[in-house]
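> any chance you can model this:
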Amino acid sequence: MLNKQKGIVVGDNYYLTYNEIHRTIRNLADRILDSDFNPDVIVVIGTGGFIPARIIRTFIDRPILTVGLQHYNKENRPTEIPRKIQWIDEVEKKLPGKKVLLVDEVDDTRVTLEYCLNELLRHKPAEIAVAVLANKRKKKTGVIPDKISRYYVGKEPDDRWICYPWDADDIDEQDRRSNHDL
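Sure, this is the predicted structure:
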């Protein structure tokens, strides 16, 4: 069954292909480049943000720094608060006075973004912008800090689980279940 955003729903899930993700991120990068935001560095929230950040880097050629945060447990249920798994080495030398583009694959509850943004702001960057592949249309429990004025979104799907190709056991089945757009 197709929904109004052309994403095919199999059960309660959206299934995305690498091609549709690439096209969405290309459009997202174009919008960032067309704005007056010119980042010095891309910070990616791993694990889901790795591939979107790498694709953005194709169009916005900046170094990528990685932070690892865990907000979901093995059963894909959110934990009370995110926890740091990995953080930027020598962050105090790499972020002060810099324009940072923070990238993640999805803004679901916004708790992970809020946590990461507050941690990054402690290191006094000149500015931080957020770019997400998908912002789920739902009530958020986390908030984006007031100091963040730029928020770029690839797509805004309904609140359903998004199955990304980098998580697929069978990429051909992943492609078959997708309708090439959220």
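> strands of the protein, residue ranges please.
Applying DSSP state E to the chain gives strands spanning 9-10, 13-15, 41-46, 64-72, 78-86, 99-107, 127-135, 150-155, 161-163.
> and residue 173, which of the ones you listed is closest to it?
strand 13-15 (8.6 Å; Cβ to Cβ). Where C-beta positions appear, they are placed from N, C-alpha and C, glycine not excepted.
> now the longest helix seen in the chain against strand 150-155, angle please.
As assigned by DSSP state H, the longest helix anywhere in the chain is helix 18-34. In terms of direction (axes from the mean of the first three to the mean of the last three Cα atoms, to 10 degrees), helix 18-34 departs from strand 150-155 by 150 degrees.
> contacts for helix 18-34, please.
The contact list for helix 18-34, computed with Cβ atoms under 8 Å, 6 or more residues apart in numbering, reads 39, 51-52, 55-56, 58-60, 101, 129, 131, 133, 152-155, 164-165, 178, 180-182.
> can you check stretch 49-58 too?
Stretch 49-58 has contacts (Cβ under 8 Å, 6+ apart) with 21-22, 25-26, 28-29, 32, 42, 44, 64, 66, 101, 103-105, 131, 133, 164, 166.
> buried ones from those, can you make that a ChimeraX selection?
Selection command for ChimeraX covering only the buried members of the contacts of stretch 49-58, criterion 16 or more other Cβ atoms under 10 Å:
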select :21,25,28,29,32,42,44,64,66,101,103,104,105,131,133,164,166
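> give me the most central residue, the protein.
Centroid-nearest residue in the chain, with Cα atoms, centre = their mean: residue 104, separated by 1.8 Å.
> in the sheet, who's paired with that residue?
According to DSSP bridges, the partner residues bridging residue 104 are residue 132.
> what sits against it?
When contacts are counted by Cβ under 8 Å, 6+ apart, residue 104 touches 44, 45, 48, 49, 52, 112, 113, 130, 131, 132, 133.
> who is the second one paired with across the strands?
Right, residue 45. residue 67.
> surely it and residue 64 touch.
No - the criterion here is Cβ atoms under 8 Å, and residue 45 misses it with residue 64 at 11.4 Å.
> neighbours of the nearest residue to residue 145 once chain neighbours are set aside, how many?
For residue 145, ignoring the flanking residues on the chain, the nearest one in space by Cβ to Cβ, 6 or more residues apart in numbering is residue 117 at 5.4 Å. Neighbourhood size, residue 117 [other Cβ atoms under 10 Å]: 22.
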